[in-house]
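Asks: Structure, please.
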Amino acid sequence: MRPVLLRMEGFAAFRAVTTVDFRGAEYFALVGPTGSGKSTVIDAMVFALYGSVPRWDDRRAVRLALAPTTMRGTVALVFDVGDERYVVARELRRAASGGVTVRSARLERLLVPEGVGAAEEETAPLADGSKVSDAVTDLLGLPFEDFCTCVVLPQGDFAEFLHAAAGKRQEKLERILGLGVYDQIMRRANTEASSATQRAALLADQVAELADATPAAEDTAAARVAALTALAERVGEAVSHLAAAEAAVTAAEAERA
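Replies: Numbering: from 1, shown residues only. As a prediction, this is how the structure comes out:
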């Protein structure tokens, strides 16, 4: 995932319309004094994608996403995945009671690869509402937790990852890199191997039962097969003659009628 353009209005500390343009930047660094909003820019990108922020410690909490005393806020992120460009956007509203909710969310693919998510640009809708986060997960190949670990790296999380037990680090890396597919392949291969072993044992038993067959027994079996084949041919011919006779009778009755 490569960010292209971030738009915020009423998001956290950014009350006024704010645009962060990543176009033309191979790498970027957010610099400024403490409290200037560097972390909030990262929060806005994560919130646009997944509807939550890691340092809030609660996937369901959205209150901190809306600037204080603001009744409405929006955040939209234009980003690239491979050769395709997408825009994901969420709108926040404050109720009269003071509660904050996400009123709408959408994920769309821009039909023009050079687009910036402007209102007049043509898009192909991919998901809306509560389905957006799952659609983003499928698109990026990373659920929220893994995205935060390998992309965002919230303060303190990287050190915690380094000091975690080796098994925990391996489990996290395997999930991030998608190595679980090899476990699935192993289980399927073991199932196929077990089934093949059972079939081989059954065929071996059948072959063992025929191991003492004499030439005379083989000739007798061949004669029985030939007799059954001839019988089947005679039955087939008889059925054909019977069907023809029934058709002739039916035709004759139709002419008399």
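Asks: list the contacts for residue 19?
Replies: Contact analysis of residue 19 by C-beta atoms under 8 Å, 6 or more residues apart in numbering lists 5-8. The C-beta positions use only the backbone N, C-alpha and C, and glycine is treated the same way.
Asks: Looking at these, state which has the most neighbours.
Replies: residue 8 (28 neighbours; other C-beta atoms under 10 Å).
Asks: how much space between that one and residue 174?
Replies: Distance, residue 8 to residue 174, using C-beta to C-beta, to the nearest Å: 35 Å.
Asks: go on, residue 99?
Replies: 39 Å.
Asks: what ranges do the helices span in the stretch 101-250 of the chain?
Replies: For the stretch 101-250 of the chain, the helices defined by DSSP state H, counting those that start in this stretch occupy 132-140, 144-147, 157-163, 166-177, 180-209, 215-256.
Asks: quick one on the thing from earlier: so residue 99 and residue 174 - more neighbours on which side?
Replies: More crowded of residue 99 and residue 174, by other C-beta under 10 Å: residue 174, with 14 against 10.
Asks: from what I can see that one touches residue 167, true?
Replies: No: applying C-beta atoms under 8 Å as the test, residue 174 and residue 167 come out as separate, 10.5 Å apart.
Asks: Find residues that contact each of the two.
Replies: Joint contacts of residue 174 and residue 167 (C-beta under 8 Å, 6+ apart) do not exist.
Asks: Report pLDDT for the spatially most central residue of the chain.
Replies: Among the residues of the chain, the one closest to the centroid is residue 138, at 4.2 Å (C-alpha atoms, centre = their mean). Looking at residue 138, its pLDDT reads 93.
Asks: ok, so what distance separates it from residue 22?
Replies: Relative to residue 22, and taking C-beta to C-beta, residue 138 is found at 23 Å.
Asks: Quick check: phi and psi on residue 83?
Replies: Main-chain dihedrals, residue 83, degrees, to the nearest 10: phi -100, psi 0.
Asks: Please identify the helix or strand for residue 35.
Replies: Using DSSP states H and E, residue 35 sits within no helix or strand.
Asks: number of nearby residues for it?
Replies: 9.
Asks: Same check on residue 131?
Replies: Counted with other C-beta under 10 Å, residue 131 comes out at 13.
Asks: Over to the one 3 residues further on?
Replies: For residue 134, the neighbour count with other C-beta under 10 Å is 13.
Asks: Could you double-check that it lies in contact with residue 126?
Replies: No: assessed by C-beta under 8 Å, residue 134 is found out of contact with residue 126, at 10.8 Å.
Asks: element containing residue 24, please.
Replies: Using DSSP H and E, no helix or strand contains residue 24.
Asks: What is the neighbour count of it?
Replies: 6.
Asks: Residue 12 too?
Replies: Residue 12, neighbours per other C-beta under 10 Å, totals 22.
Asks: Same check on residue 146?
Replies: 18.
Asks: my guess is it contacts residue 172, does it?
Replies: Yes: between residue 146 and residue 172 there is a contact under C-beta under 8 Å: 7.5 Å.
Asks: Against residue 227, how distant is residue 138?
Replies: Taking C-beta to C-beta, one finds residue 138 at 63 Å from residue 227.
Asks: contacting residues around residue 91?
Replies: Neighbour list for residue 91: 72-74, 102-105 [criterion: C-beta under 8 Å, 6+ apart].
Asks: Which one (most neighbours) among the residues you listed?
Replies: residue 73 (25 neighbours).
Asks: ok, for that residue, nearest residue in space, not its chain neighbours?
Replies: residue 10 (3.0 Å; C-beta to C-beta, 6 or more residues apart in numbering).
Asks: I'd assumed residue 69 was in contact with the one you found.
Replies: No: the pair residue 10 / residue 69 is not scored as a contact, 9.8 Å apart, by C-beta under 8 Å.
Asks: which residues of the protein score low on pLDDT?
Replies: Within the chain, the stretches with pLDDT under 70 are 150, 152-159, 175-178, 257.
Asks: Can you tell me how far residue 193 is from residue 183?
Replies: Distance of residue 193 to residue 183, given as C-beta to C-beta: 15 Å.
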